[in-house]
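Engineer: for reference, the sequence and a predicted model appear below.
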Amino acid sequence: MNNKQLLIAFFFMLIAITAHAQQKGKATFYSKRATGARTASGERLHHDSLTCAHRTYPFGTLLKVTNLNNGKTVVVRVTDRGPFAKGRIIDLSYAAAKQLDMLFAGVATVTVERYNRGVPYDDEPAIELPELDLEMATQGYSMVDDWRGRDNMVDDKIENDGQKIANNRKKQQGKAAIIAPNETKKPVKTPSKKDKENKWNKVFERIKKIF
């Protein structure tokens with residue numbers, strides 16, 4: 001490759017870089033009815049997404065689009081190829097066109113340049129947090145001491161219950177040991193044969209007296 005060819009290649013490269021640095025032309029946008037259509041990158045088109053179609057930028061490139069009629073800007077991501085109509089340099093999603101305030105006109109004159117700062121986000125509102133009182137407690141809580149105190153209470157209760165049971169057993173044994181005084185039983189006197197004979201003799205004597 002001679003110097004002439006190198007010069008020509010460098011010239012076209014410089015033109016391409018300059019063109020990619022900033023483009024000026026007409027912008028159009030997809031209709032809402034195109035939602036769900038598959039783009040050249042394989043992604044599905046959605047009217048709420050900030051995406052666009054461009055002829056040369058790689059898929060995933062972020063582009064900053066400025067509406068020259070009102071100065072409004074939007075950052076979009078390349079997901080499709082186009083537009084192929086003469087004089088048009090970019091096709092925007094419905095949401096991107098809405099941010100540029102070009103829905104009524106349908107077409108707007110814009111500038112397109114590469115955006116290298118990352119995806120911009122709206123500033124989130126500051127969240128006010130309540131002040132917390134972080135003063136140290138004057139008396140700390142110890143779980144170990146708490147459990148030790150509970151163990152001592154349980155031990156005392158077991159000891160008291162055991163003492164009560166022992167005292168009740170002693171009382172029951174004392175009652176069983178007390179025996180009522182034995183009453184002296186009078187011996188039963190069985191009548192002898194002589195007594196029986198005397199008894200009958202007395203009976204006969206009474207009968208004789210009667211007669």
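Structural biologist: Looks like it came in fine.

Engineer: run a quick neighbour tally on Leu45.
Structural biologist: 18 (other C-beta atoms under 10 Å). Backbone N, C-alpha and C define where each C-beta goes, glycine included.

Engineer: hang on, it packs against Thr39?
Structural biologist: Yes - Leu45 lies in contact with Thr39 (C-beta atoms under 8 Å); the separation is 5.6 Å.

Engineer: shared neighbours of the two, which are they?
Structural biologist: 51, 79-80 (C-beta atoms under 8 Å, 6 or more residues apart in numbering).

Engineer: mind checking what helix or strand follows the helix-or-strand element of the chain with minimal mean pLDDT in sequence?
Structural biologist: Every helix and strand of the chain was ranked by mean pLDDT, DSSP states H and E. The lowest is helix 3-21, at a mean of 59. For helix 3-21, the following helix or strand on the C-terminal side (DSSP states H and E) is strand 23-29.

Engineer: quick one: contacts of that next one?
Structural biologist: 65, 67-68, 83, 85, 87-94, 96-97, 100, 102-103, 106-113.

Engineer: quick check on those residues: which are buried?
Structural biologist: Neighbour counting over those (16 or more other C-beta atoms under 10 Å) leaves 65, 67, 83, 88-94, 96-97, 100, 102, 108-112 as the buried ones.
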